[in-house]
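> turn this into a model:
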Amino acid sequence: MLLLAILLALFAERLAPQLAERRSLAWFDAYFELIRTRASVSGWVALLVLLAPWAVLAVLAQCLLYGALWGFLELAFGAVVLFFALRPGSLDPAVDAYVAAREKGEDGLARHQAEHILGGSAPESVEEEVRAVADALLLQANERWVAPIMWFVLLGPVGAVLYRLTVHIEARAENGALCAAARLLRAAMEWIPAYVLAAMYTLSGSFEEGLNAWRQRDQVSVDAAHGEALCRADELERGNRDVLLRVGRAALCTENYNVTTEISEAGDIEADASIVRAARGLVLRAIIIIVAMVALLTLGNWIH
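Just a heads-up that it's a prediction; the model follows:
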């Protein structure tokens with residue numbers, strides 16, 4: 001049932017991008033505003049108050065639906081929860097539009113799509129913009145797919161609920177003690193998935209280059225950790241980002257991560273966006289391997 005729920009959620013996102021765009025946690029926002037404005041709590045206590053009721057509801061629903069209608073209701077519940085736990089919005093249409101626009105020299109459209117993918121302003125240089133989009137795909141794969149799937153595998157629907165609500169609370173809180181608590185919890189929940197995803201980048205890309213980059217990352221971390229343990233949110237985020245980018249870039253096996261550009265007859269800058277395609281392919285293969293590993297674990301439980 002676990003594997004089927006994951007497959008259903010992933011297929012629903014890929015085959016129904018319009019439905020994926022409508023994913024929203026607006027139903028949670030009213031409760032968030034109520035707690036933030038009326039409850040005299042902050043920081044970790046506020047985070048606990050915000051998360052606990054929904055975690056309990058997820059556990060109760062999972063228990064009530066266990067085995068109902070030969071397990072189909074439990075399967076449907078898990079698939080729906082995981083689908084909504086994946087990051088809102090579909091990335092594929094934006095990536096396709098960006099690559100096409102950049103290679104045709106349509107700077108305005110390309111920059112618009114780049115800002116959508118990056119979630120903010122894009123670099124001024126075309127070469128830096130293309131590299132930034134490729135990096136964003138390598139990084140966002142963790143929050144979009146791998147972390148929700150891993151916590152769904154480890155804790156069931158409640159794990160996916162806790163992760164997605166934590167990310168949403170951090171974005172809504174903006175600053176203050178609540179934001180700091182949510183940021184630390186989110187970074188901690190992304191730590192193991194980041195290393196798993198980096199390992200999958202190595203397996204699904206250039207193995208030798210990825211493994212060498214992994215070893216270099218480990219050495220840097222050991223040297224940096226002599227003075228202070230990696231316990232704060234910014235340090236966890238830095239470590240997660242470092243391992244994903246270092247290993248992901250190496251596994252892509254693109255020479256020096258270079259981007260070639262040329263000027264068309266109309267004077268437009270046409271850029272080779274092949275590393276964006278390569279990054280998306282690497283992410284897709286990594287997710288397929290993760291799902292295959294879940295399938296093997298599920299098959300092992302069935303055999304047992």
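> from residue 78, how far off is residue 72?
Per C-beta to C-beta, to the nearest Å, residue 72 is found 11 Å from residue 78. For the C-beta atoms, the positions are set from N, CA and C on the backbone; glycine is no exception.
> tally of neighbours for residue 198?
Neighbour count of residue 198, defined by other C-beta atoms under 10 Å: 26.
> confidence score at it?
Per-residue pLDDT puts residue 198 at 95.
> returning to what we had before: higher neighbour count, residue 72 and residue 78?
residue 78 (26 against 13).
> ok, and what's touching whichever helix or strand the more buried one is part of?
Using DSSP states H and E, residue 78 sits in helix 72-85. With contacts defined as C-beta atoms under 8 Å, 6 or more residues apart in numbering, helix 72-85 is touched by 1-2, 4-6, 8-9, 12-13, 23, 25, 58, 61-62, 65-68, 148-149, 152, 156-157, 160-161, 163-164.
> below-threshold pLDDT in the stretch 151-300 of the chain: ranges please.
217-231, 254-270, 300 (pLDDT under 70).
> helices along that one, start to end?
157-173, 177-204, 207-224, 233-252, 274-303 (DSSP state H, counting those that start in this stretch).
> got TSV for these, with distance to residue 19 too?
Output for those, formatted as TSV (distance: least, C-beta to C-beta, whole Å):
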stretch	distance to residue 19
helix 157-173	16
helix 177-204	24
helix 207-224	34
helix 233-252	28
helix 274-303	19
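> just to revisit the earlier point, how far off centre is the helix holding residue 78?
19 Å (C-alpha atoms, centre = their mean, to the nearest Å).
> tell me how many other residues crowd the nearest residue to residue 236 once chain neighbours are set aside.
With sequence-adjacent residues excluded and distances taken as C-beta to C-beta, 6 or more residues apart in numbering, residue 236 is closest to residue 187, at 3.8 Å. For residue 187, the count of nearby residues is 22 (other C-beta under 10 Å).
> check residue 160 too.
Neighbours of residue 160 (other C-beta under 10 Å): 28.
> who's in contact with it?
Residues near residue 160 by C-beta under 8 Å, 6+ apart: 81, 82, 85, 148, 149, 151, 152.
> need these in TSV (columns: distance to residue 120 and neighbour count).
Shown next, in TSV, are the contacts of residue 160 (distance: C-beta to C-beta, whole Å; neighbours: other C-beta atoms under 10 Å):
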residue	distance to residue 120	neighbour count
81	29	23
82	27	29
85	23	24
148	22	28
149	26	26
151	26	25
152	28	26
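> now those residues as JSON lines including distance to residue 35?
Formatted as JSON lines, these follow (distance: C-beta to C-beta, whole Å):
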{"residue": "81", "distance to residue 35": "22"}
{"residue": "82", "distance to residue 35": "25"}
{"residue": "85", "distance to residue 35": "21"}
{"residue": "148", "distance to residue 35": "23"}
{"residue": "149", "distance to residue 35": "28"}
{"residue": "151", "distance to residue 35": "23"}
{"residue": "152", "distance to residue 35": "25"}
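> the residue nearest to residue 236 reaches residue 238, doesn't it?
No. With contact defined as C-beta atoms under 8 Å, residue 187 does not count as touching residue 238 (9.3 Å).
> angles on the backbone of the nearest residue to residue 176 once chain neighbours are set aside, please.
Ranked by C-beta to C-beta, 6+ apart and with sequence neighbours excluded, the top spatial neighbour of residue 176 is residue 42, at 7.1 Å. Main-chain dihedrals, residue 42, degrees, to the nearest 10: phi -150, psi 170.
> surely residue 37 is in a strand?
No. Going by DSSP: H, G, I helix; E, B strand; the rest coil, the assignment for residue 37 is helix, not a strand.
> how close does the residue nearest to residue 236 get to residue 56?
Residue 187 is 24 Å from residue 56, where distance means C-beta to C-beta.
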